[in-house]
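A.B. asks: Below are the sequence and a predicted model for it; my questions follow.
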Amino acid sequence: MYECAIDLDAIEAIDIHVHVEVDDRGHAAVPHAVTEAASAYFKADTERPGLDAIADLYRERRMAAVVFTVDAETNLGHAPNSSFEIAEGAARNADVLIPFGSVDPLQGERAIERAKTLVADYGVRGFKFHPTVQAFDPSDEQFFPLWAAIEEAGVPALFHTGQTGIGAGMPGGYGFKLGLSNPILLDEVAARFPGLQLIMAHPSVPWQAEQLAVATHKPNAWIDLSGWRPKYFGADLVRQANSILQDKVLFGTDFPLIQPERWLADFEALTLKDHVRPKILRDNAIRLLGLT
């Protein structure tokens, strides 16, 4: 059972978006061809470290990390990495890691029961979803019982939004549909489940305006800044992160495809108020995840 043991006074940042792409047996979270295409898209010729190695890397960086996989077994026909094993690994490294679970929404009642078990018996602190890769529309009412269960559990749900490097450049984009990750679909979820904290992952290109609209209108909608280096952030995103959304924006990298050092070097160059930087890097995540 995971119990957070992070010394909040000793860490400088919380990376809320870290993928565990390979388990302890070397099994990859998605088919090899998809992984290679994503690496080409991000121009990231990098190893995929296991969970304990990720913990060591973040420990050395004086950071904490939210770790997860994506369960897209139905759509991909590929067994996912185990969220149960990720939670157990995070428990071994509770000084730096925070586990999120992932369940396959297309599996209906089984997904709901697995989500409940992951919270009650394994202590996961949230859930990760990727509508494009998992092939579902989060605003469809058939998935509302899952969102209700997560809302009742009192943990956040993190959704990929916008463009994705997964499937990029492959024939037909590997069949992945970008429109399923339009953040406006999450407006329906945020409205129907006001107690569910929703994290919209990534600057939502090409739907940045929609993402900002949802975040400013819905008190339970947040933005994580992963998946893009800050030097590519749009002016509207930076302006609102520096003002009306300063308490709802979160640091994230999309590790291992983007390394923290690259992201932070760009972030340092952004024009932001001094008191806003620590909010984005750690304080907002501490509040969202209930770490105090």
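C.D. replies: Received, thanks. Treat the numbers as computed from the prediction; the structure is a model and nothing was measured. Numbering: from 1, shown residues only.

A.B. asks: Going by C-alpha atoms from here, please, whenever you check contacts or count neighbours.
C.D. replies: Noted.

A.B. asks: ok, the residue nearest to residue 166 when sequence neighbours are not counted - how many residues close by?
C.D. replies: Nearest non-adjacent residue to residue 166, counting by Cα to Cα, 6 or more residues apart in numbering: residue 38, 5.2 Å away. Residues lying near residue 38 (other Cα atoms under 10 Å) number 21.

A.B. asks: in what helix or strand does residue 38 lie?
C.D. replies: Element membership for residue 38, per DSSP states H and E: helix 32-42.

A.B. asks: same deal with residue 98?
C.D. replies: For residue 98, the host element (DSSP H and E) is strand 97-99.

A.B. asks: Would you map the helices across the stretch 1-150 of the chain?
C.D. replies: For the stretch 1-150 of the chain, the helices defined by DSSP state H, counting those that start in this stretch cover 32-42, 51-60, 73-76, 83-92, 109-120, 131-134, 144-153.

A.B. asks: Deepest in the core, which of those helices is it.
C.D. replies: Mean neighbour counts were compared across those using mean count of other Cα atoms under 10 Å; the top stretch is helix 131-134, at a mean of 24.

A.B. asks: now for that one, which elements pack on it?
C.D. replies: Judged by 3 or more Cα pairs under 8 Å, 6 or more residues apart in numbering; DSSP states H and E, the packing partners of helix 131-134 are helix 73-76.

A.B. asks: And the helices of the stretch 1-150 of the chain: which comes nearest residue 281?
C.D. replies: Closest approach to residue 281 among these (Cα to Cα): helix 51-60, 14.0 Å.

A.B. asks: coming back round to it: contact partners for the residue nearest to residue 166?
C.D. replies: Going by Cα atoms under 8 Å, 6 or more residues apart in numbering, residue 38 touches 165, 166, 167, 168.

A.B. asks: same check, this time on residue 182
C.D. replies: The neighbourhood of residue 182, defined by Cα under 8 Å, 6+ apart, consists of 161, 162, 204, 207.
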